[in-house]
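Visitor: following is a predicted model, sequence given first.
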Protein chains: 2
Amino acid sequence: MFFSKIFKNHKILFSGFGISSLVGVSYLCNEKYMVNRINYYTYKEVSEHNNKSVGIWTTYKDNVYDITDFVENHPGGKEKIMLSAGSQLEPYWNIYKQHLNNKYIISSILGEMKIGKLKDYNPKKYENFDEPYLNEPIRNKNLNFHSTYPCNAETPVKNIMNNWITPNDLWYIRNHHPVPEIEGNTYSIKITGLNINEKELKLKDIKKLFTKNEIISTIQCGGNRRNELNNFDKTSGTNWSYGAISTAKWGGVWLRDILEYCNLDTDLNKNEINHVQFESIDSVKVSIPIEKVLNPYGDVMLAYEMNEKELPRDHGYPLRLIVPGHVGIRNLKWIKKITISTDEVDGAWQSGMSYRPLPSYIKDVRNVDISNYASIQEIPVQSLIIEPINNSVINKDYLEVKGFALSGGGRGIIRVDVSIDGGKTWIEAKLEEGSEQKLNKAWAWSFWKVKFDNIKDNNFDILCKATDASYNTQPKDYEDIWNIRGLNNNAWHRINVKK
Amino acid sequence: MFFSKIFKNHKILFSGFGISSLVGVSYLCNEKYMVNRINYYTYKEVSEHNNKSVGIWTTYKDNVYDITDFVENHPGGKEKIMLSAGSQLEPYWNIYKQHLNNKYIISSILGEMKIGKLKDYNPKKYENFDEPYLNEPIRNKNLNFHSTYPCNAETPVKNIMNNWITPNDLWYIRNHHPVPEIEGNTYSIKITGLNINEKELKLKDIKKLFTKNEIISTIQCGGNRRNELNNFDKTSGTNWSYGAISTAKWGGVWLRDILEYCNLDTDLNKNEINHVQFESIDSVKVSIPIEKVLNPYGDVMLAYEMNEKELPRDHGYPLRLIVPGHVGIRNLKWIKKITISTDEVDGAWQSGMSYRPLPSYIKDVRNVDISNYASIQEIPVQSLIIEPINNSVINKDYLEVKGFALSGGGRGIIRVDVSIDGGKTWIEAKLEEGSEQKLNKAWAWSFWKVKFDNIKDNNFDILCKATDASYNTQPKDYEDIWNIRGLNNNAWHRINVKK
């Protein structure tokens, strides 16, 4: 994330600076032009530039960077990059390792912000960092890994529809940090905030005190299908294909039962309680509307089982949140604290821009009030073609097309339309597993298939689009949905096959 | 509705019949070709043709029609047209008066089904019908009337945004029958069905026993904007422009309070209760999912006040249902019976095709299992341009555009984008009244406005599209959303202006 590919090209970075300030001029000095006039700074001088009023500087190796105007644009959140303000990037990149050895980040993004070199550079300063990734779980090697430190891996497309419920070891993994090492026996969560009696609950108490329930819910990462958006125009974040989505049967307790046990006063007007905030052991913070939690049909769960097994470490052991119908990030793993609040939680993944789909015409977030664009909660309607695979060759006169569809908020799938002539004509797919879910509580995907006879073309596109129970439909084109963070891509899915 | 414009042209009616039967051939005999061989039938012979196995006949004046293959396609529902099976149309058309004097229905639709004449035709048979429309309410003459018997009238476009809350007399009216004449003092509703103690409650008891609540909710007819779909390809039903939408502050009681008073057992597994059915005094039947009713944040209301006044007769006096976030028809007026049930209610407006948006490629519903296409409950995301008016002339260098947006299920509006260059570039509108609603409980529309400076074109289209809190978006083109019943049109709104 950190210093990721937020700008489609350098021209956009430059636009908006004008010619007004020396700081602005420093951005124009990339290495090529700096040969004849290198500025040198000390660690002390860097440390004095740690806020916007004097400028925000940081270092990587012996280079000094002015990141003042970049912090708002940082895909991983302003909060994270500000850890390095007046200091060094190395300690944080050792956790967010996706930055290391990334030429684009180091040369292009950072390169443009370079203002000089360290006079008193000391490489020994960086030698004895902890290695936070020594105890990662063993993972199925067939996953498609985008990064291992932290682990970002998707279910292989060829396996996605093998089972309506995804086996645990084939689940997509989206971690932001090293997987926490947690001892289940001593683990506890804290429930606190407005209108409630603060309590600390051990895992074993949670299992003992509350009825166990089960729900089947599909979770999709907000960045699923980002690679298609990148083909249209550069976005930022992990370049997910369409395997950042999986389904499990979750076992656990209703969060509303726990809040009742803590004597929550459900009069929402008292202290204006609106949101339930959650914090994980790796310090990710998210929140969801309190009505979703308290709705007896909202099914918000603290889960300790995944497909009838103990929750795996990669998926939140010992306790994770399941918010059915909501985007992946809200289903927080390794949960440690729950807070009843008036406001959304403050942090990169909620109040920051990480999960805010901006309009397609915003290419640079400086001077944009991102609070105008709500963080994703429920996902929009989505469908994907899983068989045949993109760019494959078919050798029959007929064609069987398979895929899945789902929508947010429990809105079931009414219909999936499929075209093999570029959208001129459509055929309705047959809805299969999942289509038996109630149309207002369909937390999991629906599988679909359709057969085309007498295939004559030798090279053609297959398109699909779904309609959900609210009769919402998918946008046709990438240009209708593109956003700088590459979120919520639910444009009509299109693949190419040859005969 | 009855015998309305379901076929885009006659060729479609003919296609599908093949050349197999005499019944099929009879359809090809329109008046022009029948001069030389008129078949004559008696009232008795007609009465014997009252079901599918022997054929379904009916009469209008002295003409005899075979409607066997049409009943499934009848926009007002099979149930309604079957009232005339083996009998006459006159008694029913006297209530559904929109059929009378409608040349398209009488000549084109019925004309094609004519099989002969009545041998014993007696015009006196039809002389002494009751006049059911003698006591209709007095209405604001500025409404745009599509029909008066029953009343179908829309809020004039120029008045829609005068007030965020629509004054009662400017509310759109969508009635299916004469307005019932009800005496509030003796009026009562019956609550019955599964898992509940049957009760009959008088209006005064309802007002006394339960807490009064207020909500502001926008109601939109499922056929709003049908005229735009008709421009693309013929649909059936009232040719609404975009004024079949209004907003009020409703006063009444939560339906869940009433069900609790009747000791509803809320274990949905017991008897598999899924739906709450409603029937009105004019015999319209609808149902909604029970989870919507029982959700403490669902706000399903039995309303007896509209904008702090007694509910007007046209809007359901003395008691109507308010189902915020759901399509107009579910907000049933003149309610008389509530039934807890396993199933959706049977009837034209729920199980019939009246509110089922079919795929765009279905032009004829014969042999289509319409139960595959859910009746509308929550509406999809919608936005409209209200100022300037379509085809108007602007005489300034700048242009102020105003409109509103809303979505179903309480999903608030995140953003409205407006274009004046055919969608090449977009500007974000400023959200105004309504935008302060919670994003998960926005039952009412949001107003928006945007200003364009330096207008240079002399003739251009203005487009708008909205994004809701689930990041669902509107479909771009009419062809993506067209359906034979002309429902749920939420394509990007497009108007033309000249300078």
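Guide: Arrived safely. Residues are numbered from 1 along each chain as shown, chains lettered A, B, ... in the order given.
Visitor: mind listing the strands for the stretch 51-200 of chain A?
Guide: For the stretch 51-200 of chain A, the strands defined by DSSP state E, counting those that start in this stretch occupy A:55-60, A:63-66, A:87-88, A:114-118, A:144-148, A:151-154, A:173-174, A:188-193, A:199-202.
Visitor: mind putting those into JSON lines with distance to chain B and mean pLDDT?
Guide: The C-beta positions use only the backbone N, C-alpha and C, and glycine is treated the same way. JSON lines is the format used below for the strands of the stretch 51-200 of chain A (distance: least, Cβ to the nearest Cβ, whole Å; pLDDT from 0 to 100):
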{"stretch": "strand A:55-60", "distance to chain B": "29", "mean pLDDT": "93"}
{"stretch": "strand A:63-66", "distance to chain B": "31", "mean pLDDT": "94"}
{"stretch": "strand A:87-88", "distance to chain B": "37", "mean pLDDT": "89"}
{"stretch": "strand A:114-118", "distance to chain B": "34", "mean pLDDT": "94"}
{"stretch": "strand A:144-148", "distance to chain B": "23", "mean pLDDT": "93"}
{"stretch": "strand A:151-154", "distance to chain B": "21", "mean pLDDT": "96"}
{"stretch": "strand A:173-174", "distance to chain B": "19", "mean pLDDT": "98"}
{"stretch": "strand A:188-193", "distance to chain B": "18", "mean pLDDT": "98"}
{"stretch": "strand A:199-202", "distance to chain B": "23", "mean pLDDT": "98"}
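Visitor: what's the closest of these to B:V418?
Guide: Across those, B:V418 has its closest neighbour in strand A:173-174 (35.4 Å, Cβ to Cβ).
Visitor: turn the strands of the stretch 51-200 of chain A into a markdown table, columns for mean neighbour count.
Guide: Shown next, in a markdown table, are the strands of the stretch 51-200 of chain A (neighbours: other Cβ atoms under 10 Å in any protein chain shown):
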| stretch | mean neighbour count |
| --- | --- |
| strand A:55-60 | 22 |
| strand A:63-66 | 22 |
| strand A:87-88 | 18 |
| strand A:114-118 | 20 |
| strand A:144-148 | 15 |
| strand A:151-154 | 24 |
| strand A:173-174 | 24 |
| strand A:188-193 | 18 |
| strand A:199-202 | 16 |
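Visitor: between those, which gets nearest to B:Y317?
Guide: Between the strands of the stretch 51-200 of chain A, strand A:188-193 lies closest to B:Y317; by Cβ to Cβ that is 45.1 Å.
Visitor: tell me how far that closest one is from the chain's mean position?
Guide: 25 Å (Cα atoms, centre = their mean, to the nearest Å).
Visitor: ok, stretch A:363-372 next?
Guide: Distance, centroid of stretch A:363-372 to centroid of chain: 19 Å (Cα atoms, centre = their mean).
Visitor: buried residues in it?
Guide: The neighbour-count check on stretch A:363-372 (16 or more other Cβ atoms under 10 Å in any protein chain shown) flags A:K363, A:D364, A:V365, A:V368, A:I370 as buried.
Visitor: who in the stretch 301-450 of chain A is up against chain B?
Guide: For the stretch 301-450 of chain A, the residues in contact with chain B (Cβ under 8 Å from any Cβ of the partner chain) are A:357, A:359-361, A:372-374, A:376-381, A:408-409, A:411, A:414-415, A:417, A:425-426, A:428, A:438-441.
Visitor: just the buried residues from those residues, in PyMOL please.
Guide: Selection of buried members from those for PyMOL, criterion 16+ other Cβ under 10 Å:
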select buried, chain A and resi 357+359+360+373+374+376+377+378+379+380+381+408+409+411+414+415+417+426+428+439+440+441
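Visitor: now, which of the buried residues of stretch A:363-372 sits nearest A:A303?
Guide: In terms of Cβ to Cβ, no member of the buried residues of stretch A:363-372 lies closer to A:A303 than A:I370, at 30.9 Å.
Visitor: doesn't A:Q350 make contact with the closest one?
Guide: No: counting by Cβ atoms under 8 Å, A:I370 sits too far from A:Q350 to count as a contact (11.5 Å).
Visitor: now the helices for chain A?
Guide: Assigned by DSSP state H, the helices in chain A fall at A:10-14, A:22-27, A:31-34, A:43-47, A:78-81, A:90-93, A:103, A:203-209, A:226-232, A:255-261, A:290-294, A:478-481.
Visitor: pick the most deeply packed of those helices.
Guide: With neighbours taken as mean count of other Cβ atoms under 10 Å in any protein chain shown, those reach their highest mean count in helix A:290-294, at a mean of 22.
Visitor: so what's the gap between it and the chain middle?
Guide: Using Cα atoms, centre = their mean, the offset of helix A:290-294 from its chain centre is 22 Å.
Visitor: quick one: low-confidence ranges for chain A?
Guide: Within chain A, the stretches with pLDDT under 70 are A:1-36, A:128-130.
Visitor: hmm, try it at 50
Guide: Low-confidence segments of chain A, defined by pLDDT under 50: A:1-35.
Visitor: separation between A:L294 and chain B?
Guide: A:L294 is 7 Å from chain B, where distance means Cβ to the nearest Cβ, to the nearest Å.
Visitor: same check on A:M353?
Guide: For A:M353 relative to chain B (Cβ to the nearest Cβ), the value is 14 Å.
Visitor: residues touching that residue, list them.
Guide: A:P75, A:G77, A:V365, A:I370, A:R485 (Cβ atoms under 8 Å, 6 or more residues apart in numbering or on different chains).
Visitor: please redo it, this time with the cut-off set to 6 Å
Guide: Each residue near A:M353 by Cβ atoms under 6 Å, 6 or more residues apart in numbering or on different chains is listed here: A:I370.
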